[in-house]
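A.B. asks: predicted model follows, preceded by the sequence.
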Amino acid sequence: MTDPHEPEQSAGEESSGRDRPPVQSQDGAGEGTRRQTPSAEVQHTETEDTQVQGASAAGRKEGRKALLLGLGGGLVVAAFVLAAFVWPGFLAGPGKPDDKAAEAVAALSSKNPGELEKVSCHGPDGKPVAQLPPQALQLIQAVKQTGPPQLSLDTQALAPVDLTLSAQGQTQDLPVDVVLGVTNGEWCMNGISQRQ
């Protein structure tokens, strides 16, 4: 606060309290009292105290932010490690579908619904996703895999197969794909589709 009796200083000038003459002011009774203006050192110390308080508050906020980021990162790493142990195929994937394709071809050749159910994918209700009716299985005369399974997606593969079907004394070769999918981290048969 400035006193109307004091000369004003420009922003670039510095003064110390020793250079200032005591300022005389009058109280309400009209008596003159002498008081010493605060020195620049006292004012400078008060400014530093205010700056230190502001800096410590900002430091606390940044410390909390760093702590939260560190905890969040630690939780992500922990979840990743846990997933790797709980689900063994989490990091490696389901592997190659070659063995499951051979099992599916053998199950189709046997015409055994129980064998087909073992290699078939199962839904959440536990039932096989692709069910071939027993009448269709009776039409199959021969099943021959004509090539290795080809991945169409990360979790889907197509195994080329030639089916020989026989009905009413007539025989027909039908090129099909055994569709393989991944359920619970393992390859399984999703069904059969006609090859284009």
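C.D. replies: In hand now; what should we look at?
A.B. asks: what ranges does this structure have for its helices?
C.D. replies: Along the chain, the segments classed as helices by DSSP state H run 40-86, 89-92, 98-110, 113-119, 134-139.
A.B. asks: point out where this structure drops to low pLDDT.
C.D. replies: For the chain, residues meeting the criterion pLDDT under 70 lie at 1-59, 80, 83-95.
A.B. asks: in terms of residue numbering, what are the domains of it?
C.D. replies: Residue ranges for the domains of the chain, per automatic domain parsing: 58-92, 98-194.
A.B. asks: for these, which one ends up most surrounded?
C.D. replies: Of all those, domain 98-194 carries the top mean neighbour count, a mean of 16, counting by mean count of other Cβ atoms under 10 Å. Yep, even glycine has a C-beta here, placed from its N, CA and C like the rest.
A.B. asks: packing partners for the lengthiest strand in the chain?
C.D. replies: Taking DSSP state E as the criterion, the chain has its longest strand at strand 170-183. Judged by 3 or more Cβ pairs under 8 Å, 6 or more residues apart in numbering; DSSP states H and E, the packing partners of strand 170-183 are helix 98-110, strand 156-167, strand 186-194.
A.B. asks: and Cys121, which of those is closest to it?
C.D. replies: For Cys121, the closest of the helices and strands packed on strand 170-183 is strand 186-194, at 3.9 Å, according to Cβ to Cβ.
A.B. asks: that closest one vs helix 98-110, what angle?
C.D. replies: Strand 186-194 runs at 50 degrees relative to helix 98-110, counting by axes from the mean of the first three to the mean of the last three Cα atoms, to 10 degrees.
A.B. asks: using CSV, write out the CA atom coordinates for strand 186-194.
C.D. replies: What follows is strand 186-194 as a C-alpha-only set of coordinates in CSV (Å, rounded to 0.1, in the frame of the first residue of the first chain):
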residue,chain,number,x,y,z
GLU,A,186,-8.2,-74.4,-29.1
TRP,A,187,-9.0,-75.2,-32.7
CYS,A,188,-12.3,-77.0,-33.4
MET,A,189,-14.6,-77.7,-36.4
ASN,A,190,-17.3,-75.0,-37.1
GLY,A,191,-18.8,-76.7,-40.0
ILE,A,192,-18.5,-77.5,-43.7
SER,A,193,-18.9,-75.0,-46.6
GLN,A,194,-18.8,-75.6,-50.3
